[in-house]
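Student: 3D model of this:
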Amino acid sequence: MRGGTMMIRTIINGCNGKMGRTLIETIASDDDFMVVAGVDPFGETPAEWSFHVYKKLDDVKEDADVLIDFSRAEGLRDLLEAAKRKKLAVVVATTGLTGEHLDYIRESAEEIPILQAANMSLGINLLKVLVRQAASVLGKAFDIEIIEKHHKTKRDSPSGTALALADVLKASIDRPSEFVYGRHEKDKLRGDAEIGIHAVRGGNIVGEHDIIFAGKDERLNLSHAAYSKALFAIGALQSAEYVARKGPGFYHMEDVIAEKSTITNLYTGDEALISFKRIPSALGTSHDIFKAFSSAGVNIDMISQTVTDEDFHSLSFTIDNKDEEKAEVLLEELRTEDERLDGTLFSGLCKITVEGIGMETQSGVATAVFGMLYELGVESKSVTTSETKISFIIDSAARDRVIRQVRERYGL
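Tutor: Numbering: from 1, shown residues only. Here you go, the predicted structure:
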């Protein structure tokens, strides 16, 4: 998972439950984790397990890095008290938590790192990101319903995941909203402010969640289906790896996703850079330059303009390297018309673009990228950024080194 050399020593609370046993099976095939102890008030230590099962976390003698909790909500307070005494990082994967439980988790997170999620699936937590985006665009004009389906032995209803998705929706819609659980009333029209939440229980359904955005003449469905409990174990381990190296704080699966999706795509192209160091700030000067290039069929990219003083500013932009000859002619014509429009063309360059949805919520990405360039001894000649994208211009000779380093650091 990490590709590192240090094993993460793990305690599993609720180890004799279904998810606890699934987690133990998953760790058995993961070289980055080792179960050092289990905790379960109702269970004994099976002969095939290489670790001991204790009735309480306080009784555990082994040193550990992280505790993963797949138990019941009623034992959470005592568990966190013991975790604080042992200075353990904690992954809370227990469902059915109340507002009081969440408040206590936040309070405890002032002393130890805690990651809590109603659902440990990376897919579900990515779904929350997509739901937030859809709700911000469609929420005012579309009716929204949530349908969740689980196995017949699931205790809580609606599921914690359905409620978490509903909270995301409510926070993303720019109007008052109310949750409606099922629809038992007769002769009553649906209200515009409603977010419907419906639960289905039957058979051995692992977990399914559908969010329906129903508008006039169109409908958008966002869905997630889990086919085995193993995916929750994998998500729990990814969360454990994340929180085990953090300081005290309250973390979420969205933080894990943001880190994993910091940079997900990388692409490059050959470009030339055109720079005007000092041109008049009179209204329309930059427009005249852009119009000249547009009229010649030269596409412009990565525009940067900086005011140097009250009367002048600098301007730079990039073009495809195949248009360099056209650009040289245009620069000469502009220079002839106004000697102050003295632009310089720099060739032998390439543009590298990195992007990822995690940039939107994670600080320091640009610092890390340009720190990497500094370490490689590569100068960036121009930069543009957005919430999810960074583009920079470097010498083409350094392209392979930079691409190789980005891929290694971000697992591309």
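Student: Which parts of the stretch 201-350 of the chain are helices?
Tutor: For the stretch 201-350 of the chain, the helices defined by DSSP state H, counting those that start in this stretch occupy 230-243, 253-260, 285-295, 324-337.
Student: quick one, which of those helices is packed in tightest?
Tutor: Greatest average neighbour count among the helices of the stretch 201-350 of the chain goes to helix 230-243 (a mean of 23), per mean count of other C-beta atoms under 10 Å. Every C-beta, even on glycine, is put in place using the N, C-alpha and C of the backbone.
Student: Measure how that one sits relative to helix 253-260, angle-wise.
Tutor: For helix 230-243 against helix 253-260, the angle by axes from the mean of the first three to the mean of the last three C-alpha atoms, to 10 degrees is 70 degrees.
Student: Can I get helix 230-243 in PDB? Just the C-alpha atoms.
Tutor: Provided in PDB are the C-alpha atoms of helix 230-243 (Å, rounded to 0.1, in the frame of the first residue of the first chain):
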ATOM      1  CA  ALA A 230     -13.400  -6.200   1.900                       C
ATOM      2  CA  LEU A 231     -13.700  -2.800   0.300                       C
ATOM      3  CA  PHE A 232     -14.500  -1.300   3.700                       C
ATOM      4  CA  ALA A 233     -11.500  -3.000   5.200                       C
ATOM      5  CA  ILE A 234      -9.200  -1.600   2.400                       C
ATOM      6  CA  GLY A 235     -10.600   1.900   3.100                       C
ATOM      7  CA  ALA A 236     -10.000   1.500   6.800                       C
ATOM      8  CA  LEU A 237      -6.400   0.600   6.200                       C
ATOM      9  CA  GLN A 238      -5.900   3.500   3.900                       C
ATOM     10  CA  SER A 239      -7.400   5.700   6.600                       C
ATOM     11  CA  ALA A 240      -5.200   4.100   9.200                       C
ATOM     12  CA  GLU A 241      -2.000   4.700   7.200                       C
ATOM     13  CA  TYR A 242      -3.100   8.400   6.800                       C
ATOM     14  CA  VAL A 243      -4.000   9.100  10.400                       C
END
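Student: quick one: contacts of that helix?
Tutor: 1-2, 8, 10, 19, 22-23, 25-27, 30, 32-33, 66, 68, 70, 89-91, 93, 113-115, 117, 119-123, 125, 226, 251, 253, 255-256, 259-260 (C-beta atoms under 8 Å, 6 or more residues apart in numbering).
Student: redo that, cut-off 6 Å
Tutor: For helix 230-243, contacts defined as C-beta atoms under 6 Å, 6 or more residues apart in numbering pick out 2, 22-23, 26, 66, 68, 89, 91, 93, 113, 115, 120-122, 251, 256.
Student: Can you flag the buried ones in the residues you listed?
Tutor: 22-23, 26, 66, 68, 89, 91, 93, 113, 115, 120-122, 251, 256 (16 or more other C-beta atoms under 10 Å).
Student: Now the two most distant members of those.
Tutor: Thr22 and Pro113 (23.7 Å; C-beta to C-beta).
Student: which residues does Glu218 form a beta bridge with?
Tutor: Gly215 (DSSP bridges).
Student: and it, how many neighbours does it have?
Tutor: 9 (other C-beta atoms under 10 Å).
Student: From Leu138, how far off is it?
Tutor: To Leu138, Glu218 is 10 Å away according to C-beta to C-beta, to the nearest Å.
Student: Export stretch 278-294 to CSV, keeping only CA atoms.
Tutor: Output of stretch 278-294 as CSV, limited to C-alpha atoms (Å, rounded to 0.1, in the frame of the first residue of the first chain):
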residue,chain,number,x,y,z
ARG,A,278,7.5,47.0,-20.4
ILE,A,279,4.5,48.1,-22.5
PRO,A,280,2.2,51.1,-22.0
SER,A,281,-0.7,50.5,-19.6
ALA,A,282,-3.0,52.5,-21.8
LEU,A,283,-6.4,50.8,-22.2
GLY,A,284,-6.4,48.4,-25.1
THR,A,285,-2.7,47.9,-25.5
SER,A,286,-2.8,44.2,-24.5
HIS,A,287,-5.9,43.8,-26.6
ASP,A,288,-4.1,45.0,-29.7
ILE,A,289,-1.4,42.5,-29.1
PHE,A,290,-3.8,39.6,-28.6
LYS,A,291,-5.8,40.7,-31.7
ALA,A,292,-2.8,40.6,-33.9
PHE,A,293,-2.0,37.0,-32.9
SER,A,294,-5.6,36.0,-33.2
